[in-house]
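1. Provided below are the primary sequence and the corresponding predicted coordinates.
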2 protein chains.
Amino acid sequence: MAGPVSPLAVALPELPPLAGVRLSAAAAGIRYKGRTDVVMMEVAPGSTVAGVFTTNKCPGAPVDWCRAALKGGKARMVVVNAGNANVFTGKAGRDACAATAAAAAKLADCPAKQVFVASTGVIGEVLPHEKLVAALPGLQEGLREDGWEDAARGIMTTDTFPKAATRVAEIGGAEVRITGIAKGSGMIAPDMATMLCFVFTDAKIPADVLQSLLSKNVETTFNATTVDSDTSTSDTVLLIATGQAKHPRLPPAGETAARTRFLADFARKLNEVLLDLALQVVRDGEGAQKLVKIDVTGAVNARSAKRVAMAVANSPLVKTAIAGEDANWGRIVMAVGKAGEPADRDLISIGVGGTWMAKDGGVVPGYDEAPVVAHMKGREVEIAIDLGLGRGKSTVWTCDLTHGYIDINGSYRS
Amino acid sequence: MAGPVSPLAVALPELPPLAGVRLSAAAAGIRYKGRTDVVMMEVAPGSTVAGVFTTNKCPGAPVDWCRAALKGGKARMVVVNAGNANVFTGKAGRDACAATAAAAAKLADCPAKQVFVASTGVIGEVLPHEKLVAALPGLQEGLREDGWEDAARGIMTTDTFPKAATRVAEIGGAEVRITGIAKGSGMIAPDMATMLCFVFTDAKIPADVLQSLLSKNVETTFNATTVDSDTSTSDTVLLIATGQAKHPRLPPAGETAARTRFLADFARKLNEVLLDLALQVVRDGEGAQKLVKIDVTGAVNARSAKRVAMAVANSPLVKTAIAGEDANWGRIVMAVGKAGEPADRDLISIGVGGTWMAKDGGVVPGYDEAPVVAHMKGREVEIAIDLGLGRGKSTVWTCDLTHGYIDINGSYRS
């Protein structure tokens, strides 16, 4: 487990307290020895909540639980364990969620549907939820306003570094804070990459507004990243607003434009927090040596641009070429073409690190590879693709595909 | 280039002459040294032809040429080069195809549109077609009825073994032969995997019937295989019927059912030849150590079954698990779920090598891993997935994902 830290790791930022949030972590011994593996996040009564979850058709029991709980729009507690994903565990999995939530609700003196649960780790093994339940009283006693780093570490599986991000946003002249933690792209000895993210704010925002802000901003952040094209059964992003900040009330529900203006800076900063966390997950992608940004422009629309960008980001041939520091634009052309989106071979332009290599269906006359070769040796690689058809554009991020990925995923579980 | 032969390689079968076909190979020095790299395949006047090509939106110039030539339905010659794919080469690429076909047509005394060209190798470099044209007279002189192995070797790029298959079919009580050669899944130092396949028969079958037979049977053979999910810009399968065999005429065009019955054995043997060649390509997949067969049953329809099977076949996490000889059914569940097709987690069953591991949304009670572990150690791995929803089924083939794939594709081109 204690392998090398990703060369793309970033340091944990300073994480000041956020009014209405307390966190703690403990070692319940669910799978790991000698480390924390359960996390409790308590939020002030009346906190609103929004969530987005995996699109995988075989979601884990905790995802089902959260989807149902989300209908109430209120949160009081989040309980997370690492080491066992509680996926494909049938009735035992559902019972584990219900028992955990009931025990936590009793401690927090709230309805069970205000408790959100998330699990990450091995698939298909029954979660020993009695260990989780036994750890809850200690977790509650340990709750602290400055427990952010403990929580960020407690939800790691084979992540090589803890992930957090924070921003200050302005709402109606007042300052509010947005802080999130995430885990992802590590594996459990090995198992499926799973992504969990918990974002908190002290702003006072109704659940439906929070949900629309979250859903919109996840599209250009978490949903614009890929490590290996394999969609987890556990992906969960929760956004919880404690309402403890002193800021003017939102304009009434009918005044959509005024609300949007009012929350413009909040939305922008929320996007920054989500993108920051999403890129930390990619930076910790299995075996990643390079962070890759792919900008597609000139598509017939944004949706088409994103599909083309994702085809490039998920192409094993493009990703291995980047690992080999080879600006192999032929493979990029192939990936653009296989996306199945409108594209005209003779209008496509491909650039790397600001240098156009291919234009108008062929190599750029007098193309000098030197600046491209230099760019490819760096830790961050930028690929530009212009389809020359319209104004649709999209940006996605991925990492390279290296021997490290095979090492992590190609050895036996035991 | 002279690396180890794939552990999944099969020996070249005996390839008897096929009436109306002569083949030759030569060294034109287009990219490789000390080996043949151009191949000529001449067929009798009046031969009919069918073809299927890549769905990639950025096809190579030879694919465009063949698509246009196919409208005539007649073939007299096929010219193939290895080492340069003539893809993303603009007008120079189109000119190269036209010049090659014109020169070959002059030698064969036929219209240029009866000459089919195919190229495989590096992308984005202009094909030095003057070398190809210069080699044509020598190729014509060297044409031989027993040139099959030479042709199969001459179209290889980094394939580790030559690929051919042959069957005898019965039409109206008479024997006809079907023989094909293919290349694929090797890389050029490295470049994109490309697949070329040329199948010949001495049966007398009109071009439209040939086309419908080919299109139908490609679906369950070549289009049911994947090595790395990257669709080549050059994929080409041609089926040419020389009409030299003595067999009763086909029932007239209107009598569809009678025609289908009449050609039933031919269609079956054609499918066998195509599947044989397709599996040889997978067996030579980059870095492949294991051939993997994925059977999906119980889907809502066949199309849905194939999408689920392909999602599993293309999942890097499934493929690395197989490389690690790990029957990781959790990853298979994940891949089923991410396919986006109708699936109910609690009805899915997963088996490996004939042993059901997971059923009804959880692990099989008392599941004994021993026979599964033994099966995973073999060269051929069989995965069964039953969705429990309907009668749709599909079978696809792939290989595992190993360090060999990264070695081949992750080093610099030069």
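-> Now that the structure is in, tell me what you want to look at. Numbering: from 1, shown residues only, chains lettered A, B, ... in the order given.
2. pretty sure residue A:259 is in a helix, no?
-> Yes: per DSSP: H, G, I helix; E, B strand; the rest coil, residue A:259 lies within a helix segment.
3. quick one, what contacts it?
-> By C-beta atoms under 8 Å, 6 or more residues apart in numbering or on different chains, the residues touching residue A:259 are A:209, A:250-251, A:253. To be clear about C-beta, it is placed using only N, CA and C from the backbone, and glycine gets the same treatment.
4. Likewise for residue A:166?
-> Contacts of residue A:166 were listed using C-beta under 8 Å, 6+ apart, and they are A:13-16, A:177-180, A:273.
5. Show me the strands in the stretch 201-350 of chain A, by range?
-> A:236-241, A:291-299, A:349-352 (DSSP state E, counting those that start in this stretch).
6. Turn those into TSV, columns for mean neighbour count.
-> As requested, these are exported to TSV (neighbours: other C-beta atoms under 10 Å in any protein chain shown):
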stretch	mean neighbour count
strand A:236-241	28
strand A:291-299	22
strand A:349-352	22
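7. Surely residue A:294 is in contact with residue A:312?
-> Yes: assessed by C-beta atoms under 8 Å, residue A:294 is found in contact with residue A:312 at 5.4 Å.
8. Return every residue with contacts to both of those two.
-> A:383, A:385.
9. Buried residues, stretch A:405-414. List them.
-> Across stretch A:405-414, burial judged by 16 or more other C-beta atoms under 10 Å in any protein chain shown covers A:405-411.
10. So which of those reach chain B?
-> Among the buried residues of stretch A:405-414, the residues lying close to chain B (C-beta under 8 Å from any C-beta of the partner chain) are A:405-406, A:409-411.
11. before we move on, the earlier item: out of the strands of the stretch 201-350 of chain A, which gets nearest to chain B?
-> Comparing the strands of the stretch 201-350 of chain A against chain B with C-beta to the nearest C-beta, the closest turns out to be strand A:349-352 (9.2 Å).
12. Tell me the strands beside the closest one, with direction?
-> Each strand paired with strand A:349-352, and its direction, by DSSP bridges: strand A:355-359 (antiparallel), strand A:380-386 (antiparallel).
13. Check these for me: which has the lowest mean pLDDT.
-> Here these differ in mean pLDDT, and the lowest is strand A:355-359 at a mean of 92.
14. who's in contact with that strand?
-> With C-beta under 8 Å, 6+ apart, strand A:355-359 has contacts from A:327, A:329, A:333, A:348-351, A:363-364, A:367-369, A:371-372, A:375, A:384, B:88, B:124.
15. still on that earlier bit, and the strands of the stretch 201-350 of chain A as TSV, adding mean pLDDT?
-> Below are these laid out as TSV (pLDDT from 0 to 100):
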stretch	mean pLDDT
strand A:236-241	86
strand A:291-299	95
strand A:349-352	95
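16. Would you format the ones you listed as JSON lines with distance to residue B:156 included?
-> Putting the strands of the stretch 201-350 of chain A into JSON lines (distance: least, C-beta to C-beta, whole Å) gives the following:
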{"stretch": "strand A:236-241", "distance to residue B:156": "48"}
{"stretch": "strand A:291-299", "distance to residue B:156": "32"}
{"stretch": "strand A:349-352", "distance to residue B:156": "28"}
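17. Tell me where the model's unsure across chain A.
-> Scanning chain A with the threshold set as pLDDT under 70 gives A:1-3, A:185-194, A:229-232, A:412-414.
18. Output stretch A:272-282 in CSV, but only the C-alpha positions, please.
-> Provided in CSV are the C-alpha atoms of stretch A:272-282 (Å, rounded to 0.1, in the frame of the first residue of the first chain):
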residue,chain,number,x,y,z
GLU,A,272,-13.0,25.7,-9.3
VAL,A,273,-13.2,23.4,-6.3
LEU,A,274,-14.7,20.6,-8.3
LEU,A,275,-12.2,20.9,-11.1
ASP,A,276,-9.3,21.2,-8.6
LEU,A,277,-10.5,17.9,-6.9
ALA,A,278,-11.2,16.2,-10.3
LEU,A,279,-7.7,17.0,-11.5
GLN,A,280,-6.2,15.7,-8.3
VAL,A,281,-7.9,12.4,-9.0
VAL,A,282,-6.5,12.3,-12.5
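19. Show residues contacting it.
-> A:10, A:161, A:163-167, A:178-185, A:195, A:197, A:199, A:217-218, A:220-222, A:224-225, A:227, A:237, A:288, A:291, A:397-399.
20. which SSE is residue A:405 in?
-> helix A:403-409 (DSSP states H and E).
21. Report all helices and strands that that helix contacts.
-> The contact analysis (3 or more C-beta pairs under 8 Å, 6 or more residues apart in numbering or on different chains; DSSP states H and E) places helix A:403-409 against helix B:316-323, helix B:403-409.
22. Give the buried residues for the helix or strand containing residue A:375.
-> Take DSSP H and E as the rule and residue A:375 turns out to sit in helix A:370-376. Buried positions in helix A:370-376, judged by neighbour count with 16+ other C-beta under 10 Å: A:372-373, A:375-376.
23. before we move on, what about stretch A:87-98?
-> A:87-90, A:93, A:96-97.
24. Format those as a markdown table; extra columns: distance to residue B:23 and secondary structure.
-> Formatted as a markdown table, the buried residues of stretch A:87-98 follow (distance: C-beta to C-beta, whole Å; DSSP: H, G, I helix; E, B strand; the rest coil):
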| residue | distance to residue B:23 | secondary structure |
| --- | --- | --- |
| A:87 | 54 | coil |
| A:88 | 53 | coil |
| A:89 | 59 | coil |
| A:90 | 59 | helix |
| A:93 | 60 | helix |
| A:96 | 65 | helix |
| A:97 | 65 | helix |
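25. how about those, which pair is most distant?
-> A:88 and A:97 (13.8 Å; C-beta to C-beta).
26. If any of the contacts of stretch A:272-282 are buried, give me the PyMOL selection for them.
-> Buried subset of the contacts of stretch A:272-282, written as a PyMOL selection, criterion 16+ other C-beta under 10 Å:
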select buried, chain A and resi 161+163+164+165+166+167+178+179+180+181+182+183+184+185+195+197+199+217+218+220+221+222+224+225+227+237+288+291+397+398+399
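27. among the contacts of stretch A:272-282, which are in helices?
-> A:217-218 (DSSP state H).
28. Excluding chain neighbours, what is closest to residue A:138?
-> Of all residues not flanking residue A:138 in the chain, residue A:26 sits nearest, at 5.5 Å (C-beta to C-beta, 6 or more residues apart in numbering or on different chains).
29. Residue A:155: neighbouring residues, count only.
-> 28 (other C-beta atoms under 10 Å in any protein chain shown).
30. quick one: contacts for it?
-> Counting by C-beta under 8 Å, 6+ apart, residue A:155 has contacts A:39, A:80, A:82, A:120, A:181, A:183, A:196.
31. at 7 Å instead, please
-> By C-beta atoms under 7 Å, 6 or more residues apart in numbering or on different chains, residue A:155 lies in contact with A:39, A:80, A:82, A:120, A:183, A:196.
32. re the thing from before, do I have it right that the residue nearest to residue A:138 meets residue A:38?
-> Yes: applying C-beta atoms under 7 Å as the test, residue A:26 and residue A:38 come out as touching, 5.4 Å apart.
33. joint contacts of those two?
-> A:135, A:139.
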